[in-house]
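Novice: predicted model and sequence below, questions to follow.
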Amino acid sequence: MTWSTLDIALVQEAATLDPAENRARLEPLTPTGADLVVFPEVFARDFGKAGSDVREYAEPLDGPFATEVGRVAAQRGTTIVAGMFERTDDLPFNTLVVRGAVEASYRKIHLYDSFGYRESEALTGGAPTPVVVDIGGVPIGLMTCYDLRFPELARALVDAGAELIVVPAAWVAGQRKVDHWRTLLRARAIENTVYVAAAAQPAPRYCGHSMVVDPLGDVLVEAGDGAETVSATIGRERLDEARALNPSLANRRL
């Protein structure tokens, strides 16, 4: 079906090292009135110190965290996207769970082996398959944090029909990092003429600056670096206008 508008809330909150505490925070942090609520990457339990073994905190997709995400989504009448460590027989996946109008999951493809970190030492990368889900008629592509630095994934999501890309993240703070974050989010929106909605963990460890970007690169809402929740409404009419003005997808020759 053709969609008209979608109300999005981005929950910029820090995950603690206590999974029970994070689960308990899902309900009070989930606002009412939003069609889609996005929590950050690994909200079920933060990474901990660089190189930490997180297998103890990994859960199945029907475990306590995903179950609580589903319960809160049903209670609020919304769809929630939130990050967790997914249990495997070996190293866990860094997984987004989607619960509410649709039930789905996405396993982070590109692990953060960059800027002095080695995420692949603690986690397993997901299969390089784009994941697009339908929420309220809106085709939504999923990616996680470091995936943002790979434009081919965003383009693959758009080729699979995505008109909104959702990016939960724990974007580590550091020199140039906020500038990279803002630039890449806007670039993914502009080059693909899609909406981008990114929910990040806040400072001091991470960068914050959760935001919603429209298909022409205009920032509809942006958080600061502290804990907060920001909201925006996106519209199909704006997307159609952007693609008529900048038909780059239709003009591709490669």
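Specialist: Nice, I can see it.

Novice: who are the contact partners of the residue lying closest to residue 122 once chain neighbours are set aside?
Specialist: Leaving aside its sequence neighbours, residue 122 sits nearest to residue 54 (CB to CB, 6 or more residues apart in numbering; 5.6 Å). (C-beta placed from N, C-alpha, C; glycine too.) Neighbouring residues of residue 54 by CB atoms under 8 Å, 6 or more residues apart in numbering: 45, 47-48, 85, 92, 122-123.

Novice: what does residue 141 give?
Specialist: By CB under 8 Å, 6+ apart, the contact list for residue 141 reads 130-132, 154, 157-158, 160, 162, 164-166, 194.

Novice: not counting the helix or strand harbouring residue 221 itself, show me its contacts.
Specialist: Here residue 221, judged by DSSP states H and E, is contained in strand 219-222. Outside strand 219-222, the residues within contact range by CB under 8 Å, 6+ apart are 10, 186, 209-214, 230-232, 234.

Novice: avg pLDDT for that strand?
Specialist: Computed over strand 219-222, the mean pLDDT rounds to 98.

Novice: same thing with stretch 157-164?
Specialist: 98.

Novice: return the distance of that stretch from the chain's centre.
Specialist: 15 Å (CA atoms, centre = their mean, to the nearest Å).

Novice: buried residues in it?
Specialist: For stretch 157-164, burial by neighbour count (16 or more other CB atoms under 10 Å) applies to 157-158, 162-164.

Novice: let's see which of those residues end up in helices.
Specialist: Using DSSP state H, the members of those that fall in helices are 157-158.

Novice: three-state assignment of residue 249?
Specialist: Counting by DSSP: H, G, I helix; E, B strand; the rest coil, the backbone at residue 249 sits in helix.

Novice: so how many other residues sit close to it?
Specialist: For residue 249, the neighbour count with other CB atoms under 10 Å is 14.

Novice: enumerate every residue touching it.
Specialist: By CB under 8 Å, 6+ apart, the contact list for residue 249 reads 158, 192-193, 243.

Novice: which parts of the stretch 151-254 of the chain are strands?
Specialist: With DSSP state E, counting those that start in this stretch as the criterion, the stretch 151-254 of the chain has strands at 164-169, 195-200, 211-213, 219-222, 228-235.

Novice: want to throw the ones you listed into a markdown table with distance to residue 40?
Specialist: Below are these laid out as a markdown table (distance: least, CB to CB, whole Å):
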| stretch | distance to residue 40 |
| --- | --- |
| strand 164-169 | 5 |
| strand 195-200 | 5 |
| strand 211-213 | 13 |
| strand 219-222 | 15 |
| strand 228-235 | 12 |
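
Novice: among those strands, which is nearest residue 33?
Specialist: Nearest to residue 33, of all these, is strand 228-235, at 8.4 Å by CB to CB.

Novice: so where's this structure uncertain?
Specialist: For the chain, residues meeting the criterion pLDDT under 70 lie at 1.

Novice: show me the two of the contacts of residue 141 that sit farthest apart.
Specialist: Greatest spatial distance among the contacts of residue 141 (CB to CB): 131 and 194, at 15.0 Å.

Novice: the two - which one has more neighbours?
Specialist: Remark: of residue 131 and residue 194, residue 194 carries more neighbours, 27 against 20, as counted by other CB under 10 Å.

Novice: so how far is residue 143 from the more buried one?
Specialist: Using CB to CB, to the nearest Å, we find residue 194 at a distance of 12 Å from residue 143.
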